[in-house]
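Peer 1: I'll drop the sequence and a predicted model, then ask my questions.
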Amino acid sequence: MDVIMAEDSSFHMIDGEVITSDYLDGISEEISQVLQESGSLRLVEMASRFSIPTQFLIEVLTSRMGSIVQGKMEGGMLYTSSYIERQEATIRGAFSALTLPTPVSMLQAEFGFDESLFEATLEKLLLKGRLKGALSGRGMRATYTPSIFAKSQLRSVTAFFQQNGYIEYQTAERML
């Protein structure tokens with residue numbers, strides 16, 4: 001068997017079993033079909049389903065990405081581009097509607113964002129300027145403060161100052 005495998009690279013030895021490249025293509029096609037139906041897949045679950053090591057499955061799918069498998073691999077997950085776009089639109093919509101500082105964990109609980117895509121998508125939207133606001137903190141402990149809230153605070157401090165000709169530090173700090 002070692003001689004055959006040395007001569008023909010379409011054979012692979014995995015956990016004592018010989019697997020052909022055609023079989024791996026078939027697995028990749030099946031995974032791609034399931035992915036198109038569900039939008040996202042856990043690679044660990046797929047590896048378990050086909051009884052192959054997860055790392056080997058990642059290598060197999062990576063080499064077939066864009067040809068047999070139509071999707072994007074990220075953080076042990078496989079996603080369709082439409083799933084990623086829907087998640088981004090949902091995140092953008094939820095955060096755009098905010099007018100007060102809001103804990104990110106509250107939004108996660110309310111909308112059920114895909115956790116493995118959430119942080120990177122939120123940071124990307126903030127960097128691109130698609131969301132107007134700022135994050136304080138990290139991960140699910142972060143709080144999102146929309147820029148409209150900060151602007152209204154600044155307007156109220158400015159109005160108080162213009163109306164009274166002065167503002168005490170404690171008053172300004174309380175208003176901000």
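Peer 2: Noted; the coordinates are in hand. Just so we're clear, the structure is a prediction, and the values are computed from it rather than from any experiment. Numbers count the residues shown, from 1 in each chain.
Peer 1: pretty sure residue 98 contacts residue 150?
Peer 2: No: applying C-beta atoms under 8 Å as the test, residue 98 and residue 150 come out as separate, 12.0 Å apart. Every residue, glycine included, has its C-beta placed from N, CA and C.
Peer 1: so where's the protein shaky on pLDDT?
Peer 2: Along the chain, segments meeting pLDDT under 70 span 1-8, 176.
Peer 1: ranges for the helices of it?
Peer 2: Taking DSSP state H as the criterion, the chain carries its helices at 2-7, 21-38, 43-50, 54-64, 81-96, 104-111, 115-128, 147-164, 169-175.
Peer 1: centre-most residue in the chain?
Peer 2: In the chain, the C-alpha closest to the average C-alpha coordinate belongs to residue 117, at a distance of 0.9 Å (C-alpha atoms, centre = their mean).
Peer 1: need the contact list for the closest residue to that residue other than its chain neighbours.
Peer 2: On the basis of C-beta to C-beta, 6 or more residues apart in numbering, the spatially nearest residue to residue 117 that is not a chain neighbour turns out to be residue 87, at 5.2 Å. Counting by C-beta atoms under 8 Å, 6 or more residues apart in numbering, residue 87 makes contact with 113-114, 117-118, 121.
Peer 1: run the last query once more with 7 Å
Peer 2: Residues near residue 87 by C-beta atoms under 7 Å, 6 or more residues apart in numbering: 113-114, 117, 121.
Peer 1: residue 122 too?
Peer 2: Taking C-beta under 7 Å, 6+ apart, we find residue 122 in contact with residue 91.
Peer 1: try 8 Å
Peer 2: Residues in contact with residue 122 (C-beta under 8 Å, 6+ apart) are 91, 95, 104, 131, 135.
Peer 1: closest one of those to residue 12?
Peer 2: residue 91 (39.7 Å; C-beta to C-beta).
Peer 1: does that closest one touch residue 119 like I think?
Peer 2: No: taking contact to mean C-beta under 8 Å, the distance of 10.1 Å between residue 91 and residue 119 leaves them out of contact.
Peer 1: if we can go back for a sec, distance to residue 72 added to the contacts of residue 87, as TSV?
Peer 2: Shown next, in TSV, are the contacts of residue 87 (distance: C-beta to C-beta, whole Å):
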residue	distance to residue 72
113	17
114	12
117	10
121	12
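Peer 1: now, of the residues you listed, which are buried?
Peer 2: Among these, those buried by neighbour count (16 or more other C-beta atoms under 10 Å) are 113-114, 117, 121.
Peer 1: nice, that's everything, thank you.
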